[in-house]
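Colleague: Sequence unavailable; structure follows:
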């Protein structure tokens, strides 16, 4: 017999390095999908988006970080007293110590509620998550909608949990148990549309927050799930397996039309892990947009592969409204690319990038340095590749040090080699250094952390120096856009975010630091 349950889904506050040049202040698409599925099954759902509800709230954390969003006390106040089930998103490993403390506080206030954790971190480290955070009752492994729906339909006993695929939990004897592996959903159009009415979207629009460049009222979109590739630095194979499934182009367009009518949306950010895999799918999607007569912009801000993007595809992308896209070549060294199982050819990538630039797309590239085994030769080859991308005409490049992220093949290798032993808070925090301009951790036997910091600085300065020397008008465009509060490139977005943090948030952060220093407890606003 079905019993309606009161369920609360929580996105915790974010952890940001003080000198971060990037951020993920974006609406919680995954939780919105989970909320929609639970509501479809008849449950009463509350979604607490800690970041969206307090975008302006930043508090110092330890010496080098900032907590962004609602405090723990504010989150606890928002949880209804009669809640049956609480789900907490644990996506990023560098935030796990913060999420762990939040979960412990929630469990202390609501001891009878079943507390579920889901996301990439707990999927990668289910045993450790359950042992390091006794507040967690159940871990959802991988794709979460159907799994949480099945949990909500049961009473939480060991026997019933064992019958639900895709779980790890601590039984009545304190032992960690696993149920059978849950197969990925094949018909992804069967999911209900995200429950955006439970998310404070207006706050994101007010502050111009999103995954891509601020081009107006933006909505998150998901056209595909998963990624068929097996890059060794990525946790995707653990979280999603290597199954890549695409929605029907007309279903994606129908969702876009709905958001244009309901929310006056003018731009759409695609959160796909790898949006463009099949050339025929992206061509069908672009042609469907052109045939519909709808006028909007969209962006592919996640790392896109180059294999399916030629001049024809680039032309259709721009004609249908795509304005920004990001490539993820990761390295310019053939040796590194082979080691990390990134099966691409540099010349082909550059030709694909050139086609996109000639068609008018604003293009960014992601580079990672300091992989295990990387040498100075690999860095030099990558540096030359960075300069070639500037000559081709790319607007932006991001250079980041490799992070040994849980769930990745390289993480497992480093643990086998005893190079990663104790999963301490310091280790988790170090995973955030990829976005900190002043820090790096080197996992290469041949390169120091200091060398990676300098390479990133010199590499990015050289890229933009060449870019502006070859196309000097770009500098004037960037300065003009900043003065007008307009954004067209990721560089403009980053500069705008840094400006906001320095001049809008600096007074609040300074006051909070003084208040923190006057207390004997650590970070009192977040307790």
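Modeller: Right, received. Where do you want to start? Keep in mind that what you see is a predicted model, and the values were worked out from it rather than measured.
Colleague: wouldn't residue 489 be in contact with residue 397 here?
Modeller: No: Residue 489 is not in contact with residue 397 according to CB atoms under 8 Å; the separation is 11.0 Å. Quick note: C-beta positions are derived from backbone N, CA and C, even for glycine.
Colleague: Those two - which one has more neighbours?
Modeller: More crowded of residue 489 and residue 397, by other CB atoms under 10 Å: residue 397, with 23 against 20.
Colleague: Test of understanding: give the bridge partners of the more buried one.
Modeller: Under DSSP bridges, the beta-bridge partners of residue 397 are residue 365.
Colleague: Hmm, residue 364 and it touching each other?
Modeller: Yes: Residue 397 is within contact range of residue 364, at 6.7 Å (criterion: CB under 8 Å).
Colleague: ok, the strand or helix carrying residue 298: who's next to it in the sheet?
Modeller: For residue 298, the host element (DSSP states H and E) is strand 297-304. Pairing partners of strand 297-304, with direction, according to DSSP bridges: strand 267-270 (parallel), strand 322-330 (parallel).
Colleague: Show me the helices in the stretch 101-250 of the chain, by range?
Modeller: 120-124, 126-132, 145-152, 158-162, 201-206, 236-240, 249-263 (DSSP state H, counting those that start in this stretch).
Colleague: Counting by contacts, list what the fifth one packs against.
Modeller: For helix 201-206, the elements it packs on are strand 218-221, judged by 3 or more CB pairs under 8 Å, 6 or more residues apart in numbering; DSSP states H and E.
Colleague: cool, and the second one?
Modeller: The contact analysis (3+ CB pairs under 8 Å, 6+ apart) places helix 126-132 against helix 96-109, strand 138-140, strand 167-170, strand 176-178.
Colleague: The helix of greatest length in the chain: how far from the chain's middle?
Modeller: Ranked by residue count and defined by DSSP state H, the top helix of the chain is helix 449-470. Centroid separation for helix 449-470 versus its chain: 25 Å, with CA atoms, centre = their mean, to the nearest Å.
Colleague: average pLDDT across it?
Modeller: The pLDDT scores in helix 449-470 average 96.
Colleague: what's next to it, contact-wise?
Modeller: Outside helix 449-470, the residues within contact range by CB atoms under 8 Å, 6 or more residues apart in numbering are 367, 369-370, 379, 382-383, 386-387, 389-391, 393-395, 397-401, 437-442, 474-475, 491.
Colleague: Would you write out the PyMOL command that picks the buried residues out of these?
Modeller: In PyMOL syntax, the buried subset of these is picked out as below (16 or more other CB atoms under 10 Å):
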select buried, resi 367+369+370+379+382+383+386+387+389+390+393+394+395+397+398+399+400+401+437+439+440+441+442+474+491
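Colleague: Mind checking which of the contacts of helix 449-470 are in strands?
Modeller: Within the contacts of helix 449-470, residues falling in strands by DSSP state E are 367, 369, 397-401.
Colleague: just the residues you listed now: which is nearest residue 239?
Modeller: The nearest member of the ones in strands among the contacts of helix 449-470 to residue 239, counting by CB to CB, is residue 400 at 19.8 Å.
Colleague: mind listing what the closest one touches?
Modeller: For residue 400, the contact set (CB under 8 Å, 6+ apart) comprises 366-369, 434-435, 456.
Colleague: please redo it, this time with the cut-off set to 6 Å
Modeller: Counting by CB atoms under 6 Å, 6 or more residues apart in numbering, residue 400 touches 368, 434.
Colleague: Over to residue 486?
Modeller: Applying CB under 6 Å, 6+ apart, no residues contact residue 486.
Colleague: Let me know how buried residue 231 is, in neighbour terms.
Modeller: Residues within reach of residue 231, counting by other CB under 10 Å, total 21.
Colleague: What pLDDT does the model give it?
Modeller: At residue 231, the pLDDT value in this model is 94.
Colleague: just residue 527 next, same as before
Modeller: Turning to residue 527, the model gives it a pLDDT of 46.
Colleague: How about residue 522?
Modeller: At residue 522, the model reports a pLDDT of 36.
Colleague: of all the ones in strands among the contacts of helix 449-470, which comes closest to residue 268?
Modeller: Nearest member of the ones in strands among the contacts of helix 449-470 to residue 268, counting by CB to CB, is residue 398, at 21.9 Å.
Colleague: ok, the nearest residue to that closest one once chain neighbours are set aside - contacts?
Modeller: Leaving out its chain neighbours, the residue that sits closest to residue 398 by CB to CB, 6 or more residues apart in numbering is residue 366, at 5.3 Å. Contacts for residue 366 (CB under 6 Å, 6+ apart) come out as 303, 328, 398.
Colleague: swap in residue 228?
Modeller: Residue 228 makes contact with 242, 244 under the criterion CB under 6 Å, 6+ apart.
Colleague: What of residue 385?
Modeller: Residue 385 is in contact with residue 332, counting by CB under 6 Å, 6+ apart.
Colleague: Let me know the pLDDT of it.
Modeller: pLDDT, read off for residue 385, is 98.
Colleague: What separation is there between it and residue 118?
Modeller: Distance of residue 385 to residue 118, computed by CB to CB, to the nearest Å: 37 Å.
Colleague: now the helices: where do they sit in the stretch 301-450 of the chain?
Modeller: In the stretch 301-450 of the chain, the helices defined using DSSP H, counting those that start in this stretch lie at 311-319, 334-339, 346-358, 376-392, 409-416, 425-430, 449-470.
Colleague: Quick one: mean pLDDT over the fifth one.
Modeller: Looking back up the chat, that one is helix 409-416. In this model, helix 409-416 carries a mean pLDDT of 97.
Colleague: Renumber starting at 668 from here on
Modeller: Let's use 668 as the start, then, which means that last one is helix 1076-1083.
Colleague: What are the contacting residues of it?
Modeller: 899-900, 1071-1072, 1087.
Colleague: Return the member of these nearest to residue 750.
Modeller: Closest to residue 750 out of the contacts of helix 1076-1083 is residue 1072 (31.9 Å), distances taken as CB to CB.
Colleague: residues contacting that closest one?
Modeller: So residue 1072 contacts 902, 1078 (CB under 6 Å, 6+ apart).
Colleague: Find the residue closest to residue 883 in space, skipping its chain neighbours.
Modeller: Spatial nearest neighbour of residue 883, excluding adjacent residues (CB to CB, 6+ apart): residue 933 at 4.0 Å.
Colleague: By mean pLDDT, which helix or strand of the chain comes out lowest?
Modeller: Least confident helix or strand, the chain: helix 1173-1184 with a mean of 49, by mean pLDDT, DSSP states H and E.
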